[in-house]
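[1] My questions concern the predicted model and sequence given below.
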Amino acid sequence: MQVERQVERFLAERIPFGWSLQARRAEALSGRHRTDLLAEIASPTGETAVLAVEIKRTLEPRDILHAVEQLSAVAASASPRAVPVVAAAYLSPRTRALLRDHGVGYVDTTGNVRIEVSTPGLFIATDGADRDPWPRDHKLRSLRGRGAARAMRAIVDTSPPYGVRELAQSTGASAPTLSRVLDLLEREAIVTRVRGAVSTVDWQGAVRRWAEDYDQTESNTPTTALAPRGLPALERKLRATKFAYAATGALAAQRFDPIAPARLAGLYVTDAIRAIDRLDLRETDAGANVVLLEPLDLVVFDRTVERDGLRCVAPTQLAVDLLTGPGREPSQGEQMLKWMEKNEHVWRT
């Protein structure tokens, strides 16, 4: 009842000025199911719309398809023109995205609201929490950390089918961590498993989910520097150097999709001070055109690729770095995902 009252309040607070809302418990039945709440919204001209609200205790992404089918039937039984809406205490970003894809509205008590009605024309969208304020168990809920990074690289870079032990042996990732990460991805409807073995992976969904918890500069240790002769001179030095590095960010993205010249060079290195000395850089906070990243995990150096003589991180690593990078890098991340889709045979084994 608490969620129901909060849903009523959230809807009433968010409808436009001059509109009205009347909510009531529904009596219409579909099989054994009943709509939890019917909310009639009226425009200033008298046109009305009905929201058929189904209140869930929790809703995992993997349960979306069944929930949508059930809600659609229940909404139709409540009113031929009812708009289906899911309500819960909290709905994750992945759950909300899947509901949007299926044309279902949603409300949660943290303020995540999306309602779209064609007649009368009404669109409500507000943002609330992106993390569950009230986790109910000890399941893995974040992809932060060294173990998660290595597990995500293994899961995305390897084509299924595979088992956990098989994947751990072939990639060096921890089997227990792989198992927990796969559990999370299965709950998020990104991975499907048959008798324990991974059968399909939505690798784009996996990269995007990883990007929710990862950050290029916060997950790694950055040192900013200036290449006084500019990035073209730095690239020439990188082609000739023998010490360990891997280009990422806009500098590496150029090698896959040369849209615009890079203004900032991102480089993974094991020792930033040594790299500054070897590359004749000047450490600085102002006017930097280089960011040296000491990585959270050395997995960033796995499966590097040479492009135009420059050693670049693997496409999966580059995509997540770009999606969480500064400036226009997130848009370059979207382009990188498109490149990966067209060239899956090149980067995935």
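    Now that the structure is in, tell me what you want to look at. Numbers count the residues shown, from 1 in each chain.

[2] So Ala250 lies in a helix, does it not?
    Yes. Going by DSSP: H, G, I helix; E, B strand; the rest coil, the assignment for Ala250 places it inside a helix.

[3] ok, how many other residues are close to Asp277?
    10 (other C-beta atoms under 10 Å). C-beta here means a position set from N, CA and C on the backbone, and glycine is covered the same way.

[4] ok, now how distant is it from Ala151?
    From Asp277 across to Ala151, the span is 34 Å (C-beta to C-beta, to the nearest Å).

[5] quick one, what contacts the closest residue to Glu47 other than its chain neighbours?
    Of all residues not flanking Glu47 in the chain, Pro120 sits nearest, at 3.8 Å (C-beta to C-beta, 6 or more residues apart in numbering). Applying C-beta atoms under 8 Å, 6 or more residues apart in numbering to Pro120 gives the contacts 43, 45, 47-49.

[6] Equivalent analysis for Ile273, please.
    The contact partners of Ile273, by C-beta under 8 Å, 6+ apart, come to Thr223.

[7] Now do the SS call for Arg311.
    State at Arg311, reduced to three classes by three-state DSSP: strand.

[8] List the residues that contact it.
    For Arg311, the contacting residues are 238, 245-247, 304-305, by C-beta under 8 Å, 6+ apart.

[9] Specify the beta-bridge partners of it.
    Beta bridges link Arg311 to Glu306, judged by DSSP bridges.

[10] For it, give me the pLDDT.
    Arg311 is assigned a predicted lDDT (pLDDT) of 97.

[11] Distance check, it against Lys56.
    48 Å.

[12] Same check on Gly196?
    As judged by C-beta to C-beta, Gly196 and Lys56 stand 28 Å apart.

[13] Settle it for me: which of the two has more neighbours?
    In this view Gly196 and Lys56 are compared by other C-beta under 10 Å, and Lys56 has more residues nearby, 19 against 9.

[14] Just give the nearest non-adjacent residue to the more buried one, would you?
    Using C-beta to C-beta, 6+ apart, the closest residue to Lys56 is Ala88 (4.5 Å).

[15] and that neighbour, bridged to which residues?
    Lys56, Asp108.

[16] Test my guess that it contacts Val3.
    Yes. Here Ala88 lies in contact with Val3, judged by C-beta atoms under 8 Å, at a distance of 6.9 Å.

[17] what is in contact with those two at once?
    Residues touching both Ala88 and Val3 (C-beta under 8 Å, 6+ apart) are 55, 109.

[18] need the helices for the stretch 1-150 of the chain, in chain order.
    2-14, 64-78, 93-101, 146-157 (DSSP state H, counting those that start in this stretch).

[19] Quick check: which helices or strands does the third one pack against?
    Okay, so that is helix 93-101. Packing partners of helix 93-101 (3 or more C-beta pairs under 8 Å, 6 or more residues apart in numbering; DSSP states H and E): helix 64-78, strand 105-108, strand 113-117, helix 203-213.

[20] what does it contact?
    By C-beta under 8 Å, 6+ apart, helix 93-101 touches 59-61, 64, 68, 86, 91, 105-106, 112, 114, 130, 188-190, 205, 209, 212.

[21] Can you say which of these are buried?
    Neighbour counting with 16 or more other C-beta atoms under 10 Å marks 59, 61, 64, 68, 86, 91, 105-106, 112, 114, 188-190, 205, 209, 212 as buried within the contacts of helix 93-101.

[22] how many neighbours does Lys237 have?
    14.

[23] surely Ser159 meets Arg348?
    Yes. Using C-beta under 8 Å, Ser159 is in contact with Arg348, at 5.3 Å.

[24] Compare neighbour counts for the two and give me the winner.
    Neighbours per residue (other C-beta under 10 Å) separate Ser159 from Arg348, with Arg348 holding more: 16 against 13.

[25] so the more buried one touches Ala154, yeah?
    No. Between Arg348 and Ala154 there is no contact under C-beta under 8 Å: 11.6 Å.

[26] all helices for the stretch 151-300 of the chain, in order.
    Secondary structure of the stretch 151-300 of the chain (DSSP H, counting those that start in this stretch): helices located at 164-171, 175-187, 203-213, 231-240, 249-253, 272-278.

[27] any chance of those helices in JSON lines, plus mean pLDDT and distance to Val291?
    Shown next, in JSON lines, are those (pLDDT from 0 to 100; distance: least, C-beta to C-beta, whole Å):
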{"stretch": "helix 164-171", "mean pLDDT": "94", "distance to Val291": "27"}
{"stretch": "helix 175-187", "mean pLDDT": "93", "distance to Val291": "27"}
{"stretch": "helix 203-213", "mean pLDDT": "96", "distance to Val291": "18"}
{"stretch": "helix 231-240", "mean pLDDT": "95", "distance to Val291": "12"}
{"stretch": "helix 249-253", "mean pLDDT": "96", "distance to Val291": "8"}
{"stretch": "helix 272-278", "mean pLDDT": "95", "distance to Val291": "10"}
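
[28] Highest mean neighbour count out of these?
    helix 249-253 (a mean of 27; mean count of other C-beta atoms under 10 Å).

[29] which secondary structure elements does that helix contact?
    Using 3+ C-beta pairs under 8 Å, 6+ apart, helix 249-253 sits against strand 265-269, strand 310-312, helix 315-323, helix 329-342.
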